[in-house]
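Participant: Pasting the sequence and the predicted model now:
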Amino acid sequence: MKIIAVGMNYAAHNKEMQHTLELTEPTFFMKGDSSLLKDGKPFFIPDFSSEVHYETEIVIRINRLGKNIAERFAHRYYGEITVGIDFTARDLQKRLRSQGLPWEISKAFDNSAALGTFIPVSETEGIDHIPFHMEINGQTVQEGNTSQLLFPVNRIIAHASRYFTLKIGDLIYTGTPSGVGPVHIGDHLQGYIGDRKLLDFYVR
Ligand code: ZN
């Protein structure tokens, strides 16, 4: 399986990152299956970064093979969602970006894609109305709703499938709202969709 992640998909996050770019289509980067962190396992801060940020995101699991999917049919290609964290080695990303180099290693390193427990979309308010938030040590640090996405889920799927064949089990991380920040050893991270806690693990 592969992980397709969307960059800069919430206006307020783009502002906090000083991205002035006006995007006319979604921007993607990829992670591999070695990036996955599941089942409440701890996240170990890697030795190559001293500034690892959490990015809380709604994650979609693809359940049908698809290529060149039309936006109006995109809802047929997933049935379950969860909340996840797109861990980012921000110091590395900044350095590579300033050098004009690809910043893959700052995003796709081992265990950089934390993944919660999936729930059916049918148990939610609908894909474009998903409220989610993340708590660190009991304090809410990030809050969002898929209604605020610059590019909604079905458009992401349509656009991504022009370039990448979507396969069963592929994951799409849909982008992070504002409020990103560093994690520290000992932090307790808990991610929610609505009031359902789907993600719960520690930083070590
Ligand atoms: Zn992200």
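Facilitator: Everything's here; your move.
Participant: From the ion, how far off is residue 184?
Facilitator: Residue 184 sits 19 Å away from the ion, going by CB to the ion, to the nearest Å. All C-beta spots, glycine's among them, are computed from the backbone N, C-alpha and C.
Participant: Ignore what I typed, I meant residue 115.
Facilitator: Distance from residue 115 to the ion, by CB to the ion: 13 Å.
Participant: Can you tell me the centre-most residue of the protein?
Facilitator: Closest to where the C-alpha atoms of the chain average out (CA atoms, centre = their mean) is residue 173, at 3.3 Å.
Participant: and it, what are its bridge partners?
Facilitator: residue 5, residue 59 (DSSP bridges).
Participant: That one touches residue 113, doesn't it?
Facilitator: Yes - judged on CB atoms under 8 Å, residue 173 makes contact with residue 113 at a distance of 6.9 Å.
Participant: any shared contact partners between those two?
Facilitator: Common contacts of residue 173 and residue 113, defined by CB atoms under 8 Å, 6 or more residues apart in numbering, comprise 3, 5, 31, 84, 86.
Participant: For the fourth one, give me its contacts.
Facilitator: Taking CB under 8 Å, 6+ apart as the definition of contact, the neighbours of residue 84 are 56, 57, 58, 59, 113, 114, 115, 116, 171, 173, 191, 199.
Participant: Lovely, talk soon.
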